[in-house]
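Undergrad: Mind looking at a prediction? Sequence and model below.
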Amino acid sequence: MSIGILGKKLGMSQFFDDEGRAVPVTLIEAGPCRITQIKTKASDGYTAVQVGFGHTRPKLISKPAAGHLARSGGDPLRHLREYRVDSVEGLELGGSVTVDSFEAGQKVDVSGDSMGRGFAGYQKRHGFSRGPMSHGSKNHRLPGSTGAGTTPGRIYPGKRMAGRYGGGKVTTRALTVMLVDSERNLLVVKGSVPGKPGALLNIRPARTVGAQTAQGAK
């Protein structure tokens, strides 16, 4: 099954491997997540599992959402995510998904919202090179030409210009799980993940594992 888990980014640290090398890692408080819905081909046309994470106050969710969550029992949940699976055998409504479903050495994909950087210019947002810095130059950090004036007489959509930078969904793929701590619901993954401390993260088994194994066999 390719069921994932939701978690919260705690921050970065370092992990010492068996050879004594310091490895940069990210600490993630993952789960436990409650199974809030089980979808099958007979009822929904496809097979999937919906999980919830993060308790919240009842007054902060709508009545339809409260009715939906009441079927699985427990407190209201703030975040819901759905995962496609091959089979729902062994899963039950109201059950828990914990970090025990992962193991050290496994590859995972981690998704989250990147840190927003506000309004940024051309150099910071797109990596443009700057203009001459000599005396008299008026093109230090300007964009330069953005198109002809007569034809088309407008800016084409998608033109790389200054604007809002960051704050979008980013997925970091094929990160290695260094440690799984079941007692503290902790996942330690190698490298950095999107977002700032406290941000919601979606951790799934990496989709590229099969391809990497095939390449290694060759």
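TA: Great, that's in hand.
Undergrad: pLDDT wise, what is T150 at?
TA: At T150, the model reports a pLDDT of 88.
Undergrad: no, scratch that, I was asking about F15
TA: The predicted local confidence for F15 is 89.
Undergrad: Return the distance of whichever helix or strand it is part of from the chain's centre.
TA: Using DSSP states H and E, F15 maps to strand 5-16. Put simply, strand 5-16 sits 13 Å off its chain's centre (CA atoms, centre = their mean, to the nearest Å).
Undergrad: just checking, what packs against it?
TA: Strand 5-16 sits against strand 22-30, strand 48-55, strand 186-190, strand 200-205, with contacts defined as 3 or more CB pairs under 8 Å, 6 or more residues apart in numbering; DSSP states H and E. All C-beta spots, glycine's among them, are computed from the backbone N, C-alpha and C.
Undergrad: Name the strands paired with the first one and say parallel or antiparallel.
TA: Taking DSSP bridges as the criterion, strand 22-30 pairs within the sheet with strand 5-16 (antiparallel), strand 186-190 (antiparallel).
Undergrad: by how many degrees do the first one and strand 48-55 diverge?
TA: This points to strand 5-16. Calculated by axes from the mean of the first three to the mean of the last three CA atoms, to 10 degrees, strand 5-16 forms an angle of 70 degrees with strand 48-55.
Undergrad: Which positions within strand 5-16 qualify as buried?
TA: By 16 or more other CB atoms under 10 Å, the buried positions in strand 5-16 come out as I5, L6, G7, K8, K9, F15.
Undergrad: wait, which of the residues you listed is closest to G73?
TA: Nearest to G73 among those, counting by CB to CB, is L6 at 18.2 Å.
Undergrad: Where do the strands of the chain begin and end?
TA: 5-16, 22-30, 33-39, 48-55, 77-84, 96-97, 107-113, 119-120, 163-164, 169-181, 186-190, 200-205 (DSSP state E).
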